[in-house]
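> Sequence and predicted structure below; questions after.
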Amino acid sequence: MKISLWGARGDVSVVRPQTRQYGVNTLCVQIECDGADTLILDGGIGLHWLGNTLLAESFGSGKGTAHIFFSHTNWSHIQGVPFFVPLLIPGNSIYLYGRGGSYGTQKILCDQMSPAYCPVPNFFDNAIGAEVKVSDLTESPIRLKSLLVEYAEIGQFHGSPRLGYRISDEANTIAYIPAIEYSDDAVRTVAHTLANDADLLIHDAYYSDEEYQTQQGRGHSCPRQALEVAQSTSAKRLLLFNHHPERTDQALEDAASTLNSTTIQVECGRQGSVYELGER
Amino acid sequence: MEITFWGVRGSFPVSSPHCARYGGNTPCIEVNAQDTCVIIDAGTGIYSLGKRLVERGQKEIHLLISHTHWDHIHGFPHFAPLRESDVTVHLYSLANAHYSLKDILYGQQQEPFFPDPLDAVDADLHFTDLYEGQLWNTGTIEVQCRRLNHASYTSGFRLESAGKTFSYVSDTDLYGPRLHGEGMNTGSEDEKNQKRIELQKSALKLAQDTDLLVFDSFFLTDEYKDDWGHSKMEDAIRLGIEANARRIAFFHHAPSRSDDQLDELVMHYSAEVNRGTNLVAAAEGDHFVL
């Protein structure tokens, strides 16, 4: 299983010299696995550049299939979708999944494309571009060829459900929990189930440990909490993710080195990083 | 009048080494004359500008929005002065019957897209519709707004202060064969031709004898698509010459446009401008005193 990070930044892509190394593309992770179609977690700005890379493969000639799963629909998770060029090429099949609550994922994604906001042709229209299907997730797990996709609701924030994912092939498992606040034991239990024994845990660390003290109730967590989950679930490797726009390269380096322990390898998600998970 | 570029990139913010020098933030320009502060567009460049304005204690801010495509408004929820209770932000856009700027910006900050609604901000917000050609006074800077050839309702601006002029003409397909935007592509061929001529005249009025013309230079000549509503670099030169602009700045660079490419393009096109006219590609951090 190969995991590529196309965007690891939360909120908004503010381009600054102090964040050049880790990048500011908003959230997008690609998972590749033998015998499976392209699987993508979240559709921030990173999705555009992933799309351009996919065009060199079967997606350029309208023969590609991709599955995009959203953890929720705040801007930093969906704002790259209008700029995902494979959606504009007839013949491609693009499946989008989320849990849109009372709005529904299809309406949320279509609203983003309203002409007042977005000049891109509306590929949700059957006559335009790829075959696009949007689903609100109801039953876990989903089998997509050699990949098993499990998911669970990890709390709600301002009335919108948020999902965490657990993706496995025969050899490896990654857990994806990009936005979570440990507001009660139920949330903790769900997160633990998703992360259990994962080879790679990608976890929200939007706030620093110090910031979190004054930012409780804002829907995010901090590196110390991410490490606690990784340790108590025996995850092999922890990737801190969904970085605050203010978090500089130096601050990210410091956060990871503070947490690094003998039992678990901790890194900060960096745009452009690739992780190859092999036989266990 | 002083002009500072905080975001120059079109479409979406670009976080990549290929554009590290010119910058990857989406459109935002600060214009100051004495105590008056006018901002044009609220792309991601407005994030860092906002922090600067709070530091320097700017209490009155005039924000002109050329149009409401994402790259021109998606920095607005992250504009630090919105969280200051003694700040007033005056927002302006071209009047139209379809979209109110207020609704668009409130929409951007509603569930399930954004956690903090716009009506919870601390600053006072005042929305004003501007009409075609109308002159509007913001302290020491006089603003004029005219419609451009781009999707929905898009306008350019002409700002004048103490005998100096700054012109913002982005996003538009100024010399293309198609009409863009609500209600434009209607009527007979003659009527459409007339509209095209009117739009070109409007751009000329915005740019006439300007000290600095910022122009939509999204496309290279061989990349041009007539259904996108953007211009080419050579169009910037053409308007600059017709309008007798003193300085022309390529702007709204395509996401893929590299720093080296922009350097070369400026060299190439510099041979085509009038003597005494200065051509640049706008870069984040550029500061011009007119």
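Done, it's in.
> Run a quick neighbour tally on A:Ser232.
Using other C-beta atoms under 10 Å in any protein chain shown, A:Ser232 has 13 other residues around it. Just so you know, the C-beta spots here come from the backbone N, C-alpha and C atoms, and that holds for glycine as well.
> If you could redo that for B:Cys19, that was the one I meant.
Look at B:Cys19: counted by other C-beta under 10 Å, it has 25 neighbours.
> what phi and what psi does the backbone show at it?
Main-chain torsions, B:Cys19, degrees, to the nearest 10: phi -130, psi 30.
> Could you do the one 3 residues further on as well?
Dihedral pair for B:Tyr22: phi -80, psi -20, per degrees, to the nearest 10.
> Verify the stated contact: A:His192 with A:Val229.
Yes. With contact defined as C-beta atoms under 8 Å, A:His192 reaches A:Val229; the gap is 6.7 Å.
> neighbour-wise, which of those two wins?
Each of A:His192 and A:Val229 has its neighbours counted (other C-beta under 10 Å); A:Val229 has more, 25 against 14.
> surely that one meets A:Ala195?
Yes. Applying C-beta under 8 Å as the test, A:Val229 and A:Ala195 come out as touching, 5.6 Å apart.
> Let's verify the residue of chain A positioned farthest from its centre: helix, strand, or coil?
Taking C-alpha atoms, centre = their mean, the residue of chain A most remote from its mean C-alpha position is A:Ala127, at 29.0 Å. Following DSSP: H, G, I helix; E, B strand; the rest coil, A:Ala127 is assigned to coil.
> How about the contacts made by it?
By C-beta atoms under 8 Å, 6 or more residues apart in numbering or on different chains, the contact list for A:Ala127 is empty.
> let's go with 10 Å and repeat that
Each residue near A:Ala127 by C-beta atoms under 10 Å, 6 or more residues apart in numbering or on different chains is listed here: A:90, A:121.
> Quick check: buried residues in stretch A:181-190?
Neighbour counts over stretch A:181-190 (16 or more other C-beta atoms under 10 Å in any protein chain shown) mark A:181-182, A:187-188, A:190 as buried.
> and it, what's its mean pLDDT?
Averaged over stretch A:181-190, pLDDT sits at 96.
> Pull up the distance across it, start to finish.
12 Å (C-alpha to C-alpha, to the nearest Å).
> Just give me how far it sits from the chain centre.
19 Å (C-alpha atoms, centre = their mean, to the nearest Å).
> Show me the contact partners of that stretch.
Outside stretch A:181-190, the residues touching it (C-beta under 10 Å, 6+ apart) are A:151-157, A:162-164, A:177, A:180, A:191, A:204, A:206-207, A:212, A:215-222, A:225, A:228-229, A:232.
> Now, those residues that are in helices?
A:191, A:212, A:225, A:228-229, A:232 (DSSP state H).
> Would you map the helices across chain B?
Under DSSP H, chain B gives helices at B:45-56, B:70-73, B:101-108, B:189-207, B:233-243, B:259-270.
> got JSON lines for the ones you listed, with mean neighbour count too?
Shown next, in JSON lines, are the helices of chain B (neighbours: other C-beta atoms under 10 Å in any protein chain shown):
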{"stretch": "helix B:45-56", "mean neighbour count": "21"}
{"stretch": "helix B:70-73", "mean neighbour count": "24"}
{"stretch": "helix B:101-108", "mean neighbour count": "18"}
{"stretch": "helix B:189-207", "mean neighbour count": "16"}
{"stretch": "helix B:233-243", "mean neighbour count": "21"}
{"stretch": "helix B:259-270", "mean neighbour count": "15"}
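> Which of those helices sits closest to A:Thr258?
helix B:45-56 (26.3 Å; C-beta to C-beta).
> Enumerate the residues of the stretch 151-280 of chain A near chain B.
A:157-161, A:218-219, A:245-246, A:271-272 (C-beta under 10 Å from any C-beta of the partner chain).
> who wins for neighbours among the residues you listed?
A:Gln271 (24 neighbours).
> How about that one, nearest residue that isn't a chain neighbour?
Nearest residue to A:Gln271, sequence neighbours excluded (C-beta to C-beta, 6 or more residues apart in numbering or on different chains): A:Gly23, at 2.8 Å.
> which residues touch that neighbour?
A:5-9, A:13, A:15, A:45-46, A:243, A:249, A:269-273, B:15-17.
> Out of the contacts of stretch A:181-190, which end up buried?
A:151-155, A:157, A:162-164, A:177, A:180, A:191, A:204, A:206-207, A:212, A:215, A:219-222, A:225, A:229.
> so how many other residues sit close to the closest residue to B:Ile104 other than its chain neighbours?
Nearest residue to B:Ile104, sequence neighbours excluded (C-beta to C-beta, 6+ apart): B:Thr68, at 4.5 Å. Residues lying near B:Thr68 (other C-beta under 10 Å) number 26.
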